[in-house]
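1. Task: produce atomic coordinates for the following.
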Amino acid sequence: MTLIQKAEQFVFDHFKDKLSSAYTYHNFNHTERVVAAMHLLIAEEKPNENEQIALLLAAWFHDVGYVDGAQNHEQQGANWLREFLKSESVSEEIEQLAANLILATRLDVQPQNQLEFLIRDADCSHFAHPDYSLISELLREEWKLTADMTYTDLEWATTNRNVMISKHRFFTNFAKTNWQPLKDRNIALLQQKITQLQTDEAKKAAKGKKTDKEDKPERGIETMFRVTLNNHTRLSQIADSKANILLSVNAIIISISLSTLIPKLDSPGNIHLIVPTFILILFSVLSIIFAILSTKPKVTSGSFMRKEIDEKKVNLLFFGNFHQMPLEEYQWAMNEMMKDRDYLYNSMIKDLYFLGLVLHRKYKLLRTTYTIFMIGIIVSVVAFVYAFYSIR
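-> Predicted coordinates for the structure are as follows:
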């Protein structure tokens, strides 16, 4: 395995084991993009062999410092590079050069030579990427998760445009020739998006509607539905899990009773165990029955008529109301429901309500099951104790 391959494996393992999932942009995927860009630049600019090694090492390690947090991550990346090279036969010159190149990736540092031009262009090659808008959304999410920085769509598009116009430029001849036109295209697309968002906000303001940043009640409603549905689902899973535990325990009790106790009951010396054994089995069977009832699904007819959709009588969010319908009918019905805000929200409310009824039934039966099981265990133990003492 070559030195660069070892570096790749080290960085991959480092990110996999130590990097927080909140770093949706500065991760191994971004590093791979930078390394791929560096290979292109090396092929065009043709630095010497030692410089190539230093450039590739810097490309692999330039963001490793994020495992220790975003603060001063360039210096941390250089420290991790030196840690990696302790076990490798690399000259001090290459090590120092690679470390300096990592430090040159700071956006507030002005690159001073051709090698620093190369690492900066590789690190910022995403400005010319065809999927720049998707890549930038990863950085937006990362800042939201790690720095509590939130942007509206308009604010984010404006910030990206300003950075690309006033705070960044390509340095190498290859990047200027091949990447600058693609960057200009992305700037133009951002400007189109900004213009459209400004127009949309102006229309909203004219109609007395709130902007994205002000429109918190709508988001609050969506969050409320999402959280409540997740809670209902989690409670249902807990109930099913508890029922399965009771089913397993009682099945084991019955299995042991049938294989161990009952075959011995025909012996005259064990006749006193008949009643306690059948009490134990009876309560176990009752527990199994109620546990099954608590998990038994109820499926409805699964069909509806267009008249019912027009009258808003069908909850299309529950599979039991549509599983028998053709896809075309279901698509039509869903589109009709999504056109009507009240119909949509009322359907979600009904879904939560009926999920609540199902949960009430499950937990009621589950409570009964646990009560039967508890009483059965107590009565069975008392019966066995009484049976043993009665023969003395």
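
2. from what I can see N250 touches S284, true?
-> Yes: applying CB atoms under 8 Å as the test, N250 and S284 come out as touching, 4.2 Å apart. Every residue, glycine included, has its C-beta placed from N, CA and C.

3. Give the intersection of the neighbour lists for these two.
-> Here N250 and S284 have F373 as joint contacts, going by CB atoms under 8 Å, 6 or more residues apart in numbering.

4. Flag every buried residue along the helix or strand of the chain with the lowest mean pLDDT.
-> The weakest-scoring helix or strand in the chain, judged by mean pLDDT, DSSP states H and E, is helix 306-310 (a mean of 75). For helix 306-310, the neighbour count (16 or more other CB atoms under 10 Å) marks I309 as buried.

5. Other residues contacting it?
-> V314, L316, E329, W332, A333, E336, M337.

6. on contacts alone, who are the packing partners of the helix or strand following it?
-> Per DSSP states H and E, the first helix or strand lying C-terminal to helix 306-310 is helix 327-339. In terms of contacts (3 or more CB pairs under 8 Å, 6 or more residues apart in numbering; DSSP states H and E), helix 327-339 is packed against helix 306-310, helix 341-390.

7. now do 6 Å
-> In terms of contacts (3 or more CB pairs under 6 Å, 6 or more residues apart in numbering; DSSP states H and E), helix 327-339 is not packed against any helix or strand.

8. List the buried residues in it.
-> For helix 327-339, by 16+ other CB under 10 Å, it's E329, Y330, A333, M334, M337.

9. Tell me the gap between the helix or strand hosting P181 and the middle of its chain.
-> Secondary structure from DSSP H and E places P181 in helix 180-206. A distance of 30 Å separates the centroid of the chain from that of helix 180-206, by CA atoms, centre = their mean, to the nearest Å.

10. just stretch 345-355 next, same as before
-> 25 Å.

11. Flag every buried residue along that stretch.
-> S347, M348, D351, L352, L355.

12. Then stretch 224-232?
-> Buried residues in stretch 224-232 (16+ other CB under 10 Å): T228, H232.

13. and what of stretch 241-252?
-> K242, A243, L246, L247, V249, N250.

14. try stretch 104-116
-> In stretch 104-116, counting by 16+ other CB under 10 Å, buried: A104, T105, P111, L115, E116.

15. what does stretch 287-305 give?
-> Quick answer for stretch 287-305 (16+ other CB under 10 Å): S287, I288, F290, A291, S294, T295, F304.

16. Need the residues that contact that stretch.
-> With CB atoms under 6 Å, 6 or more residues apart in numbering as the test, stretch 287-305 has contacts from 240, 243, 246-247, 250, 314, 320, 323-325, 362, 365-366, 368-369, 372-373.

17. Pull out the buried members of those.
-> 243, 246-247, 250, 314, 325, 362, 365-366, 368-369, 372-373.

18. CSV please, covering those and showing pLDDT and distance to D148.
-> Putting the buried ones among the contacts of stretch 287-305 into CSV (pLDDT from 0 to 100; distance: CB to CB, whole Å) gives the following:
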residue, pLDDT, distance to D148
A243, 87, 42
L246, 87, 45
L247, 90, 46
N250, 88, 51
V314, 72, 42
M325, 79, 45
K362, 87, 39
L365, 89, 45
L366, 89, 41
T368, 92, 47
T369, 91, 46
I372, 92, 51
F373, 91, 49
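
19. quick one: which two of those residues are the most distant?
-> Distance extremes for those: the farthest pair is M325 and F373 at 41.6 Å, using CB to CB.

20. And stretch 46-55, what's buried?
-> E51, Q52, I53, A54, L55.

21. quick check, nearest of the residues you listed to F127?
-> L55 (19.3 Å).

22. got a list of what the closest one touches?
-> Counted by CB under 6 Å, 6+ apart, L55 has contacts M38, L118.

23. which is the next helix or strand following the helix or strand harbouring it?
-> Assigned by DSSP H and E, L55 belongs to helix 49-61. Sequence order places helix 73-85 as the next helix or strand after helix 49-61, per DSSP H and E.
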